[in-house]
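Trainee: Build the 3D model from these lines:
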Amino acid sequence: MHDDADVGAMALHLTVRIDERRTEPEVWRAVIRSGEEADAGARVLTAATLHRVHYADPSWAEQLREAVPDLSSIGSAFADRELISMIDESSLFTDSLCVISSVDIDAAVGSLVSHALVRGVARVFDGDTIAILLTAAFPAAMGGPVVDPADVAARRAHWASIGFVDIPGTAAMLLPVGSRP
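Mentor: Residues are numbered from 1 along each chain as shown. Model prediction:
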C-alpha cells in the first residue's frame, strides 16, 4: 500500500448530469486522478458521486426521494431547520445542499486521498451545505455497501477527523461551514 503523500500531482475533475425536468437532483461525479486526464499513466485515485439540490426549488425534498440512492432521510433532516441550526447555524443560510452519496478509493493509495477529494468538493461548492452519506461511503467492490456497525463507526471517525458532525436520525454527517478548508 502506498502512502497518500506518494501519489504526486493530483487533479480534481467534476462532471454533472442534470435532469431537464428537475425531478431528480443534479448528479455530479468528482474524481481525483494522479495527473491530468490526458496523461497516459494517470489513474483514478478516488471518485465520489454527489447529489445537489437547490433550496429555491420547492421540490428539492422530493428530488432527494427520487435520487438513487434514496436520500429522503437527509431531506427530512434538512427540512427540520431547528435540527440543522443545532448542528451548524451557518448551514441555514446556504442556497443548496450537496450530498456526497458514495466515495470509491483506490486501495493502493489509502483512504486519506478521500479527504483531499472532499476538501476540493467543499471549495468548489463553497456556498452549499455539504453532507456525506455514511452507508454508501467506501462501498464493497462487489455487491454494494456493507452495513457493519464497526465499519460505519470507522467511516464516521474518518470523516469526523476533517470536521464532519453527525446529523441525528440519519446515516449522514454534515460539514459545518466553519470547518471548511
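
Trainee: residues making contact with the lowest-mean-pLDDT helix or strand in the chain?
Mentor: When each helix and strand of the chain is scored by mean pLDDT, DSSP states H and E, strand 11-17 comes last, with a mean of 80. If you take CB atoms under 8 Å, 6 or more residues apart in numbering as the criterion, strand 11-17 is touched by 26-33, 35-37, 42, 117, 120, 124. In short, each C-beta sits where N, CA and C put it, glycine included.

Trainee: Show me where this structure has its strands.
Mentor: Using DSSP state E, the strands of the chain run over 11-17, 26-33, 44-54, 96-105, 128-133, 165-166, 172-175.

Trainee: what's the average pLDDT for the longest one?
Mentor: In this model, strand 44-54 carries a mean pLDDT of 92.

Trainee: Can you list the buried residues in the least confident helix or strand of the chain?
Mentor: L12 (16 or more other CB atoms under 10 Å).

Trainee: can you check stretch 126-134 too?
Mentor: Neighbour counts over stretch 126-134 (16+ other CB under 10 Å) mark 128-134 as buried.

Trainee: Tell me the one of those nearest V109?
Mentor: Within these, the smallest distance to V109 is 18.9 Å, found for I132 (CB to CB).

Trainee: Show the pLDDT at that closest one.
Mentor: Per-residue confidence (pLDDT) for I132: 95.

Trainee: which ones are touching it?
Mentor: Residues in contact with I132 (CB under 8 Å, 6+ apart) are 99-100, 103, 118, 159, 164, 172-173, 175.

Trainee: same thing with S90?
Mentor: 176-178.

Trainee: Just the pLDDT for it.
Mentor: For S90, pLDDT reads 93.

Trainee: Ok, S179 next?
Mentor: Looking at S179, the pLDDT reads 84.

Trainee: For the closest residue to it other than its chain neighbours, the count of nearby residues, please.
Mentor: With CB to CB, 6 or more residues apart in numbering as the criterion, S179 has its nearest non-adjacent residue at 2.9 Å, and that residue is G163. Residues contacting G163 under the criterion other CB atoms under 10 Å number 19.

Trainee: R29 too?
Mentor: 14.

Trainee: ok, for it, nearest residue in space, not its chain neighbours?
Mentor: Closest residue to R29 apart from its sequence neighbours, by CB to CB, 6+ apart: T15 at 4.9 Å.

Trainee: S161 too?
Mentor: H115 (7.7 Å).

Trainee: Distance of that neighbour relative to I162?
Mentor: 5 Å (CB to CB, to the nearest Å).

Trainee: Then A67?
Mentor: Distance, A67 to I162, by CB to CB: 24 Å.

Trainee: Could you do L71 as well?
Mentor: For L71, the distance to I162 (CB to CB) stands at 21 Å.
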